[in-house]
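Participant: sequence plus the predicted model coming up.
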Amino acid sequence: MDIGHLVDSYQRDGYLVLRGLFSPSEVQEVAEETAALLERKELMAKNNLRVRWQYHYETCEPVFELFDPVTDIAPRCSAWFHDRRIAHVLEQLFQDHAHPFKDKLIYKPAGAGGYPLHQDFIAWPGFPESFTTVVLAIDAANAENGCIEVFPGAHARGCLAERDGNFHMLSDSVVEGFSPVKLTLDPGDAVVFGAFMPHRSDINRSGSMRRHLLYSYNAERDGKALRDEHYQAFHHYLRTIYGMMGLADLHFR
């Protein structure tokens, strides 16, 4: 896919929507694989560093939310992670080679809460500023099921939080003057945005899940094979946070 004519708008707005990047038949295969993963009950222990949970916005009951990473247990998802169509788009945006960095599957089941306003950049040593995420819609995304909301142009302000290595929720004041855009997607569509794009999502008030794959990459100028290094640092971070919460017997499966 040649997106050379869209590079300027991506740099200006900070995000890019690619309609129909994957075909209906490809989406169906991945949808079946991600549905089958929900039968892997041995993975869904709350002390497994691979999984995370949300809370139902009405009942406050825990609901299973995501696998992170996912590509090592899902070959069709892995094929998308390394798909040349994605690499070609990123190489045009980076003007450099793109390397896989992080991969997760968010189910966002009915009733699951959203994510507050934040940026993806985490100031760990060596965390690449070229970190760029490709969101791939398995299910349609809309306002009812809590689609992602971005703030075009706000990415140009750079890091909006302390560079202290922690995750930071942002106040609405940091995006004052930037008009939000809700990213409504059909299955097979993709959205690309970088680490400094402020974004958030709302509660899923629909009656079904809203599955997205979130694949992140870095430009080669920031390093080549950084994925293993990232997950080592990420698991150390989770062990620290969960340990402070009293969760024991942490493992990765």
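Facilitator: Good, I have the coordinates.

Participant: just so I have it, where are all the helices in the stretch 101-250 of the chain?
Facilitator: According to DSSP state H, counting those that start in this stretch, the stretch 101-250 of the chain carries its helices in the segments 227-244.

Participant: so which residues of it form strands?
Facilitator: Taking DSSP state E, counting those that start in this stretch to define them, one finds strands in the stretch 101-250 of the chain at 115-118, 132-137, 148-150, 181-182, 190-194, 199-201, 212-219.

Participant: compare those strands and report which one is nearest to A233.
Facilitator: Nearest to A233 among the strands of the stretch 101-250 of the chain is strand 212-219 (13.6 Å), distances taken as Cβ to Cβ. Yep, even glycine has a C-beta here, placed from its N, CA and C like the rest.

Participant: by contact count, what packs against the closest one?
Facilitator: Strand 212-219 is packed against helix 75-81, helix 84-94, strand 98-106, strand 132-137, with contacts defined by 3 or more Cβ pairs under 8 Å, 6 or more residues apart in numbering; DSSP states H and E.

Participant: mind listing what's buried in the longest one?
Facilitator: Across helix 84-94, burial judged by 16 or more other Cβ atoms under 10 Å covers 86-87, 89-94.

Participant: ok, stretch 204-220 next?
Facilitator: 204, 206, 209-219.

Participant: turn these into TSV, columns for distance to G126 and pLDDT.
Facilitator: Shown next, in TSV, are these (distance: Cβ to Cβ, whole Å; pLDDT from 0 to 100):
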residue	distance to G126	pLDDT
N204	34	98
S206	39	97
M209	34	97
R210	33	98
R211	31	98
H212	27	98
L213	25	98
L214	21	98
Y215	20	98
S216	15	98
Y217	15	98
N218	10	98
A219	14	98
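
Participant: which two in those are spaced the farthest apart?
Facilitator: Taking Cβ to Cβ, no two of the buried residues of stretch 204-220 sit farther apart than S206 and A219, at 36.2 Å.
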